[in-house]
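A.B. asks: mind looking at a prediction? Sequence and model below.
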Amino acid sequence: MLIKNKWLFVAFFTAFFIAGCAHSPDIDNSNGRQNNTQKRGMFTLPPSDADIIKETLMLLSKQEGDPDYNAAKARLAALVQDYPKSKWVESAQALTAAIDDLLVLQEKVKTQSMALSSEKAEKAKLIKDYKYAEERNRGEINRLQQENEQLKKDIALLKKLEIQLDKREKLLK
C-alpha cells in the first residue's frame, strides 16, 4: 500500500509539474517581449537582475510625465540587495548615486528659482519705489524752480525800489 501511494504521489507531482511548466509565458503584445514577472502556471519567478534594470530604465525614461526617481532607486536597491554578485551591481550603484545627485540638484534649482522669484519681486518693488520718488522729486524741483524765479523777480523789484528810493532822497536833498 505504501509503494502504491508513493507511485501515486510521484505521478501526481510529475503531472502537476508538467502542467505548470507547459503554460506559455505571457507575451506583451505592444512590443513582443515576455512579461517581466515570467509567470509559468502556478509558479511565479522573481524578476532577474536584467529585468530589474529594464524596469528601472523604463521608470526613468517615461514618455509622459516626470520620471519616478524614488521608485527607480528602490528597484536599484533591491537589485543590489538581491543580486550582490550581478554584473549590474556597479551600474546600479552608480545610477543610484547619479539619481541622488540629480534629486539634490533639482532641490537646489527649486530653491534658487524661489529665491530668484522673490528677488524679482523685490526688484520690481524697488523700481516702483524709485519711479515714485523720482516723480515726487521732479514735482519738488519744479516747485523750487518756480519759487526761485519768484525770488529773482522779487529781488529785481527790490533793486528797482531801492534805486527809486535813492533817487528820491537825492531829489529831496
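C.D. replies: Right, received. Where do you want to start? Numbers count the residues shown, from 1 in each chain.
A.B. asks: low pLDDT regions in this protein?
C.D. replies: The model of the chain has pLDDT under 70 over residues 1-6, 8-9, 12-13, 16-17, 19-42.
A.B. asks: quick one, strands of it?
C.D. replies: Ranges of strands in the chain, per DSSP state E, are 39-40, 43-44.
A.B. asks: show me the helices in this structure, by range?
C.D. replies: Under the criterion DSSP state H, the chain carries helices at the ranges 2-22, 49-60, 69-82, 89-172.
A.B. asks: which helices and strands sit right next to the last one?
C.D. replies: In terms of contact count using 3 or more CB pairs under 8 Å, 6 or more residues apart in numbering; DSSP states H and E, helix 89-172 is assigned the packing partners helix 49-60, helix 69-82. Quick note: C-beta positions are derived from backbone N, CA and C, even for glycine.
A.B. asks: buried residues in stretch 43-62?
C.D. replies: Judged by neighbour count (16 or more other CB atoms under 10 Å), stretch 43-62 contains these buried residues: 47-49, 51-53, 55-56, 59-60.
A.B. asks: make a markdown table from the helices of the chain and add distance to residue 43 to it.
C.D. replies: Listed next are the helices of the chain as a markdown table, based on distance: least, CB to CB, whole Å:
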| stretch | distance to residue 43 |
| --- | --- |
| helix 2-22 | 6 |
| helix 49-60 | 16 |
| helix 69-82 | 18 |
| helix 89-172 | 26 |
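A.B. asks: what's the closest of the helices and strands packed on helix 89-172 to residue 90?
C.D. replies: With CB to CB as the measure, helix 69-82 is the member of the helices and strands packed on helix 89-172 nearest residue 90 (9.5 Å).
A.B. asks: what does that closest one rub up against?
C.D. replies: For helix 69-82, the external contacting residues (CB atoms under 8 Å, 6 or more residues apart in numbering) are 46, 49, 52-53, 55-56, 59-60, 86, 88-89, 92-93, 95-96, 99-100, 102-103.
A.B. asks: now with 10 Å, please.
C.D. replies: Contact with helix 69-82 is made by 46-61, 68, 86, 88-100, 102-103, 106, as judged by CB atoms under 10 Å, 6 or more residues apart in numbering.
A.B. asks: quick one: work out the angle between it and helix 89-172.
C.D. replies: Angle of helix 69-82 versus helix 89-172, following axes from the mean of the first three to the mean of the last three CA atoms, to 10 degrees, is 150 degrees.
A.B. asks: what is the distance between helix 69-82 and the centre of its chain?
C.D. replies: 22 Å (CA atoms, centre = their mean, to the nearest Å).
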